[in-house]
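**Q** here is the input, now give the coordinates:
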Amino acid sequence: TYAGTFTYIRGKEFNAMRIVHDASGGEVRESILKLNGPKIEIRRWEDQIVCYHDSDQPGDLRHNVLLGPYSHSFNTRIIESSHFYDLALHGEDRIADRRVIRLSIQPVNADRFGYLLWLDYQTGLLLQSHLVERGRVKEVFAFSDIDFTPDTQLLLTAIDPDRTIS
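**A** Below is the predicted model:
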């Protein structure tokens, strides 16, 4: 369970996002709110995903659901493909004012993407990642702040108090 703000950069697209992730009570509930551009909120209850758009300014209704490398499938895909990658630890760093372990996942051949990951030392949560293709960073995900003891019930109900998303 956590709440925080992160940035997600892919190509020319830059998004600031607020996330509330509640894993208490035996089920996972999550809300991701886009903080710049057209207002978009992605709500997830277990495996069900619903995307809400600003009723006054819906923007492009066709877009990717921003789950990025912090989704559940990332860990599974890396484990299943481990013979295609070299994994290495690269010491400690600090992201969102938290101690992190740096992990490099580099492809054995140049036909695959590589990853640089910064994992929270205490919880193991991914706090920053770089998707790398042939030495060039293609995508960046990074928390700027994170709270591991939030009141998620309050945050999940207050994410859109003006009811501008429908």
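
**Q** element containing the closest residue to Tyr8 other than its chain neighbours, please.
**A** Once flanking residues are discounted, Tyr8 sits nearest to Asn15: 4.7 Å by C-beta to C-beta, 6 or more residues apart in numbering. All C-beta atoms are positioned from the backbone trio N, CA, C, and that covers glycine. Here Asn15, judged by DSSP states H and E, is contained in strand 13-22.

**Q** and whichever helix or strand comes after that strand, what other elements does it pack with?
**A** Past strand 13-22, further along toward the C-terminus, the next helix or strand under DSSP H and E is strand 29-34. For strand 29-34, the packing partners by 3 or more C-beta pairs under 8 Å, 6 or more residues apart in numbering; DSSP states H and E come out as strand 13-22, strand 40-45, helix 152-158.

**Q** which residues sit against strand 29-34?
**A** Here strand 29-34 makes contact (C-beta atoms under 8 Å, 6 or more residues apart in numbering) with 15-22, 39-45, 66, 152, 155-156, 159-160.

**Q** show the buried residues in those.
**A** Buried by 16 or more other C-beta atoms under 10 Å: 15, 17-22, 39-44, 66, 152, 155-156, 159, out of the contacts of strand 29-34.

**Q** if we can go back for a sec, which residues touch the residue nearest to Tyr8?
**A** So Asn15 contacts Thr7, Tyr8, Ile9, Lys34, Leu35, Asn36, Gly37, Leu66 (C-beta under 8 Å, 6+ apart).

**Q** the third one against His130, yeah?
**A** Yep, that's Ile9 we're talking about. No - look at Ile9 against His130 with C-beta atoms under 8 Å: they stay out of range, at 9.7 Å.

**Q** which of those two has more neighbours?
**A** His130 (19 against 15; other C-beta atoms under 10 Å).

**Q** buried sites along the helix or strand hosting the more buried one?
**A** In the assignment (DSSP H and E), His130 maps to strand 126-133. Using 16+ other C-beta under 10 Å as the test for burial, strand 126-133 gives Leu126, Leu127, Gln128, Ser129, His130, Leu131, Val132.
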